[in-house]
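1. Next one to model:
(3 chains)
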Amino acid sequence: MVTSKLQFEKNHLEENPLTSEGLYPDPEKLLENDSIRLDILKKLVGQSIVSVDQFDRELVLETCKFAALLEATEIASCHPLDGKIVITAFFEASTRTRLSFESAVLRLDGKIISIPTGMVTGIAKGESLSDIGEMFNAYGDLVVVRHTETGSVQEIMQNLRLPLINAGNGSGEHPTQALADWFAILKWKPKLKGNTVPPKYQIHLGILGTPGSMRAVNSFLRMSLLFKPGIRKISIVSEMADPLGPELEELLINSGIKYQLTNDINDVLSDLDVIYMNSIAFLGDSYKTLDSRYKLDADSNLKPDAVVLHPLARLDELDPTLDHTHHNLYFTQAHGAVFVRQALMIAILNRFDRLPKNDIPLSN
Amino acid sequence: MVTSKLQFEKNHLEENPLTSEGLYPDPEKLLENDSIRLDILKKLVGQSIVSVDQFDRELVLETCKFAALLEATEIASCHPLDGKIVITAFFEASTRTRLSFESAVLRLDGKIISIPTGMVTGIAKGESLSDIGEMFNAYGDLVVVRHTETGSVQEIMQNLRLPLINAGNGSGEHPTQALADWFAILKWKPKLKGNTVPPKYQIHLGILGTPGSMRAVNSFLRMSLLFKPGIRKISIVSEMADPLGPELEELLINSGIKYQLTNDINDVLSDLDVIYMNSIAFLGDSYKTLDSRYKLDADSNLKPDAVVLHPLARLDELDPTLDHTHHNLYFTQAHGAVFVRQALMIAILNRFDRLPKNDIPLSN
Amino acid sequence: MVTSKLQFEKNHLEENPLTSEGLYPDPEKLLENDSIRLDILKKLVGQSIVSVDQFDRELVLETCKFAALLEATEIASCHPLDGKIVITAFFEASTRTRLSFESAVLRLDGKIISIPTGMVTGIAKGESLSDIGEMFNAYGDLVVVRHTETGSVQEIMQNLRLPLINAGNGSGEHPTQALADWFAILKWKPKLKGNTVPPKYQIHLGILGTPGSMRAVNSFLRMSLLFKPGIRKISIVSEMADPLGPELEELLINSGIKYQLTNDINDVLSDLDVIYMNSIAFLGDSYKTLDSRYKLDADSNLKPDAVVLHPLARLDELDPTLDHTHHNLYFTQAHGAVFVRQALMIAILNRFDRLPKNDIPLSN
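-> Residues are numbered from 1 along each chain as shown, chains lettered A, B, ... in the order given. This is a model prediction of the structure:
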């Protein structure tokens, strides 16, 4: 039943080997005939990463190419974050994202101070976020923050003199997730990185979810607009009447990319090349499930070559029967997040000098 | 009152010096006239440790001898776990066991990513254990898992491609605790390691607790059966009508070891050489105390040479008046757990090559 | 409005540069024409730090001078705590203090095992503190403990054979906070370290808070008594009828320092040189705010040169309008805590030999 659908072109199969856990495209494909431009990456030195809006396509590409290099080579032995302390401050608890950042740091020989479950004391709850930001100045070199409130990151940054990475702020943004999403897509189809993309390689991008209410989907959509040359159309499938809100709608219109809104998945599913799904909308200290009636499984009417992305954790909207198929790009997406975060942290902390000069394709 | 009971043979005293914290037998006694067989230990390379049933006596012995070497020498300076990340995933919180593993790793220069109090978010609670296992693949090199549910470990292993150590699964097993238990016993009486043990060294082993409901006791009993040559009799003192359940009962019968069930501690106490006690039975997210009416203190009618084991934490079944007597082997048992876990992790991650070749009795 | 008050002597300004975050006095001023006496600091080797009463002025001074050295130089590259494990056991959760200790350890290349939110299991809650102390023996080299109960530290130390640092025990003491407080004051006015202090440099010290109920204020007051030569007067402003209790009252009387108790801040505010404030009194698992009606902001009637200390976290008793003024010594106080803790830990663990001999003013 599952295998009957796997009618791939030979070409595609060669580029994207299927393991028992889904597609694992070779990160080196993203580096072929290409060098990593340090002059671009160095724009990140000392910067905080708050929103996708800080990125242009060039910066996304160089970050992803650098992540591909980190995935393909043994850089850890160079200890690029030696002596650096990263504070992982998860005021909204998230085991998955926290572990991803902490693993990224430890593999590069950095150190971690962790707030795994928020400020747990009553006093701490009464403390202002700007005081907490001031506190961080004394304790580390970089702060990774997740918080239930959208305005939290700006408040923390008021007194903060360290760079910060926004790992999810309420219903706001989740920019490193968007980088991990596009890192997976670019490894899968490196041709999408070009300034011009031949029509036959252009993708129809489907979003099952509500960008205006879901931070990961919001950031993904914003970053997708940067890849206009490779996008034939964007379809947003949501049970909400207005899934975008005015700001995202204006961005979409101004992008000039053809798009469609619908609440019927059957309108578009069989034509989608890339399907991004999510069912979690964060609401203060809690969350609710949205769009969870759009379920995918191995029987869904997918194009043979279609790939599925999901920021995880999943509930039942994404069935495990898809895990062992060519449609599963979500495990690659999750694994690649570690390398994207490593790339960002090496760049922000300007530790390019720790990398082995001769072995890697860095250009100045 | 306490000291009046301490009538030890000279021989015994020399082998097992009493400190103010109880017995501290010399780990080197376990290595005397013996080398550690690497060919046996290497059976652990890449393996998950789920159940005591994976061990035969030979493997327990070589693990304990390797642990003795780690306890007796300064191995840490060799950084045997350098560059390795161990994930300590305590879905059931346990400060004591978590710290034991984390100390073991850090002393060997490994790194730790920790889930100290389970998946704390609502979303995470809805996530499947097999997805969590898949997540771990990207973040570490070895996973230590404790969970409230007996079936949890198997579910996590479905998608896990890293080795896992079961640090307690519901009412199931706790194999590294059993190794720590027997490590203490073997240091105390190295003669028990032989294929034949003269009758005068054979022990009467008493278990105050319910093996069928308590994971630590379950694993201890299973491992004890491997040491048949040194065991004269096993007595199980429990307030339950059927403290074993059918599987353990069959194992005991098949072992051919003489055994007795009773609910009256006075039937056997004065004849026991080794007393293993526990009063905690885990029940999902909670626990209940069982057999806590079997209390031991310095006035209990113990044989002069008898030693007491307890997996700790203790409530009031084991009185602190025993702490400063020769009967206290439980502190040695707790301290030795660190070295047993180090031995397992070096073996699983195949880092024997980091150990100093010339100074240690490793044979191939 | 704020700046109109900043009428500093030229001299004072030169010594204490104002940054956008308040005063940042140069730590090197504390070392000028002075060497650090190792013979004094070595009194700390292997010691637990439980109470301010263990310190005389000489030991406070040498600890602060050593902290100043750590703040002014790049010691981290010497890895002074290499191979040492510090257990941060916060049975009362405190993100701020825990992170301060953990950052201190990691910067010196030590390792951390953490209990961030107390013993979270039901079983653990039934475990005795002396058993927990015994447990620590096997896992680390130094224990940092915070607990809701005043008697906790003594109970843990019953079986503990490692040195311990009291990071706050109920309504008892918080000695490393007091060291951080005086480290800030001494950097601000190094002349206060002398055996004789000319009257024009002596300070009127105001305490807005209740020393008898607040551990940080208690420890600060005890340590202040050691600096009698530099103290003109101590004024305690509290809403409690008896803010000291009999023990502190006797200490104050015996010190021979002139002091005053009042519940009207206006009695003394305009004459104070150093103002120490706090509004948190810990009560078992909870806390209450005391003295929070004594608020300070940029409009308060402060002497032009007055500095404000606060152990943080603050609620609304200390207004952020003071943050960017010369009165703000509290951020320096918070940052300096890291170096004070480093100084203590290097001394307790006797790792002076790891420091670069030629570059630093250590005398024997």
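2. from here on, contacts and neighbour counts on C-alpha atoms
-> Fine.
3. For the residue lying closest to A:G245 once chain neighbours are set aside, give me its contacts.
-> Excluding the flanking residues, the one nearest A:G245 by Cα to Cα, 6 or more residues apart in numbering or on different chains is A:G212, at 5.6 Å. Contact analysis of A:G212 by Cα atoms under 8 Å, 6 or more residues apart in numbering or on different chains lists A:218, A:243-245, A:248.
4. Which one (most neighbours) among these?
-> Highest neighbour count within these, by other Cα atoms under 10 Å in any protein chain shown: A:N218, with 24 neighbours.
5. quick one: contacts for the nearest residue to that one once chain neighbours are set aside?
-> Leaving aside its sequence neighbours, A:N218 sits nearest to A:P211 (Cα to Cα, 6+ apart; 4.4 Å). A:P211 is in contact with A:217-218, A:221, A:243-244, A:248, counting by Cα under 8 Å, 6+ apart.
6. Of those residues, which belong to helices?
-> A:217-218, A:221, A:248 (DSSP state H).
7. what residues does chain A put near chain B?
-> Within chain A, the positions near chain B by Cα under 8 Å from any Cα of the partner chain are A:93-96, A:99-100, A:102-104, A:106-107, A:117, A:286-287, A:313-315, A:334-335, A:338.
8. mind running it again at 6 Å?
-> Residues of chain A that fall close to chain B, judged by Cα under 6 Å from any Cα of the partner chain: A:103, A:335.
9. helix or strand for the residue nearest the centre of chain A, which one?
-> Residue closest to the average C-alpha location in chain A (Cα atoms, centre = their mean): A:Q177, at 2.3 Å. For A:Q177, the host element (DSSP states H and E) is helix A:175-188.
10. what packs against that helix?
-> The contact analysis (3 or more Cα pairs under 6 Å, 6 or more residues apart in numbering or on different chains; DSSP states H and E) places helix A:175-188 against helix A:215-225, helix A:330-348.
11. Excluding sequence neighbours, find me the nearest residue to the one residue in the stretch 251-364 of chain A that gets nearest to chain B.
-> Residue of the stretch 251-364 of chain A nearest chain B, by Cα to the nearest Cα: A:H335 (5.3 Å). In this structure, A:H335 finds its nearest non-sequential neighbour in B:A138, 5.3 Å apart by Cα to Cα, 6+ apart.
12. measure that neighbour to A:S100 for me?
-> 8 Å (Cα to Cα, to the nearest Å).
13. and what of A:I49?
-> Computed as Cα to Cα, the A:I49 to A:S100 distance reads 17 Å.
14. Between the two, which is the more surrounded one?
-> Looking at A:I49 and A:S100 with other Cα under 10 Å, you find the greater number of neighbours at A:S100, namely 24 against 21.
15. pLDDT score for the more buried one?
-> Looking at A:S100, its pLDDT reads 97.
16. buried set for the host helix or strand of it?
-> For A:S100, the element it lies in under DSSP H and E is helix A:95-107. By 16 or more other Cα atoms under 10 Å in any protein chain shown, the buried positions in helix A:95-107 come out as A:95-107.
17. And for stretch A:49-68?
-> Within stretch A:49-68, the residues that count as buried by 16+ other Cα under 10 Å are A:49-52, A:55, A:57-68.
18. Equivalent analysis for stretch A:79-90, please.
-> Judged by neighbour count (16+ other Cα under 10 Å), stretch A:79-90 contains these buried residues: A:79-81, A:83-90.
19. Could you list the low-pLDDT ranges of chain A?
-> Residue ranges of chain A with pLDDT under 70: A:1-18, A:20-21, A:76, A:118-125, A:284-285, A:358-360, A:364.
20. For chain A, which segments count as helices?
-> Using DSSP H, the helices of chain A run over residues A:10-15, A:38-41, A:57-72, A:95-107, A:122-126, A:129-139, A:152-157, A:175-188, A:215-225, A:245-255, A:330-348.
21. residues from the stretch 101-250 of chain A in reach of chain C?
-> Within the stretch 101-250 of chain A, the residues that sit near chain C (Cα under 6 Å from any Cα) are A:138-139.
22. Look through the stretch 151-300 of chain A and state the residue closest to chain C.
-> A:N159 (8.3 Å).
23. which phi and psi does the residue nearest to A:R57 when sequence neighbours are not counted have?
-> Spatial nearest neighbour of A:R57, chain neighbours left out: A:L226 (5.3 Å); criterion: Cα to Cα, 6+ apart. Main-chain dihedrals, A:L226, degrees, to the nearest 10: phi -70, psi -20.
24. What of A:S35?
-> Note on A:S35: backbone dihedrals following degrees, to the nearest 10 are phi -120, psi 160.
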